[in-house]
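In: here is a sequence together with a model predicted from it:
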Amino acid sequence: MAICAEKLIILDRDGVINEDSDDYIKSLEEWRPYPQAIDAIARLAQAGWNIAVATNQSGIARGYYDEATLARIHAAMLERIEAAGGRVAHIAYCPHGPDEGCDCRKPAAGLLEQIRQALDMPTLEGAWLVGDTLRDLQAGLKMGCRPVLVRTGKGCRIEAQRMPEGTQVYDDLAGFVDHLLGV
């Protein structure tokens, strides 16, 4: 069955699903999920929503960790989400540094295009994009996504900036999910 964009939520990882760090999340031991985010993802999946993750991971280009380490972190994340009753349809990540000129690093829309293709969707128009940085929201807007800023991670600092028109702001992913599900 095809995924409908209006039933897709694209999440940034660091600062939305797990604690962020200015020193990067370089190991599984440093990856600390927000418990309410894991539960929120599970509630979304149980309510019929599809979830994807789009995450910049420039720590790979910087030599702080490798793709095998990232794979272990993502496997642990998926295991926790699945144990809570949730599911993630696809994870797209950018391993490039900010000066490499790739088309996938947010605010470019390449990661979202990867998600669109992986989920065999004609468009992402109307999907939700939840992030904690302006570049997350900018990438989503390029693909017609509805922007949501969470105050976790870098979100509180970003909220003081001029947000794209129509951006909804919530304390955390759980707050957004409560609103979306009418809790």
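Out: Now that the structure is in, tell me what you want to look at.
In: and the strands in this structure, which stretches?
Out: Remark: strands assigned in the chain by DSSP state E are 8-11, 50-56, 90-94, 128-131, 146-150, 168-170.
In: could you report the neighbour count for the spatially closest residue to Asn56 that is not a sequence neighbour?
Out: Leaving aside its sequence neighbours, Asn56 sits nearest to Cys94 (C-beta to C-beta, 6 or more residues apart in numbering; 4.9 Å). C-betas here are computed from N, CA, C, even on glycine. Using other C-beta atoms under 10 Å, Cys94 has 23 neighbouring residues.
In: residues contacting Cys94?
Out: Thr55, Asn56, Gln57, Ser58, Cys102, Cys104, Arg105, Lys106, Gly110, Leu111 (C-beta atoms under 8 Å, 6 or more residues apart in numbering).
In: what about it, distance to Glu6?
Out: Distance, Cys94 to Glu6, using C-beta to C-beta, to the nearest Å: 26 Å.
In: mind listing what's buried in stretch 159-177?
Out: Within stretch 159-177, the residues scored as buried using 16 or more other C-beta atoms under 10 Å are Thr167, Gln168, Val169, Tyr170, Asp172, Leu173, Ala174, Gly175, Phe176, Val177.
In: compute the first-to-last residue distance for it.
Out: 19 Å (C-alpha to C-alpha, to the nearest Å).
In: let me know the average pLDDT across the lengthiest helix in the chain.
Out: For the chain, the helix that runs over the most residues, judged by DSSP state H, is helix 67-83. Across helix 67-83, the average pLDDT comes to 98.
In: surely Lys26 meets Gly59?
Out: Yes - look at Lys26 against Gly59 with C-beta atoms under 8 Å: they come within range, at 6.2 Å.
In: so which of those two has more stuff around it?
Out: More crowded of Lys26 and Gly59, by other C-beta under 10 Å: Gly59, with 20 against 17.
In: what about this protein, any weak spots by pLDDT?
Out: 1-2 (pLDDT under 70).
In: which residues of it fall in helices?
Out: Using DSSP H, helices in the chain cover 35-46, 67-83, 110-118, 134-142, 155-159, 173-181.
In: tell me the most buried of those?
Out: The highest average neighbour count among those, using mean count of other C-beta atoms under 10 Å, belongs to helix 134-142 at a mean of 23.
In: overlap of the contact sets of Lys26 and Gly59?
Out: Common neighbours of Lys26 and Gly59 (C-beta under 8 Å, 6+ apart) are Tyr65.
In: based on its surroundings, how many neighbours for Ser58?
Out: 16.
In: pretty sure it sits against Gly97.
Out: Yes - counting by C-beta under 8 Å, Ser58 does reach Gly97; the two are 4.9 Å apart.
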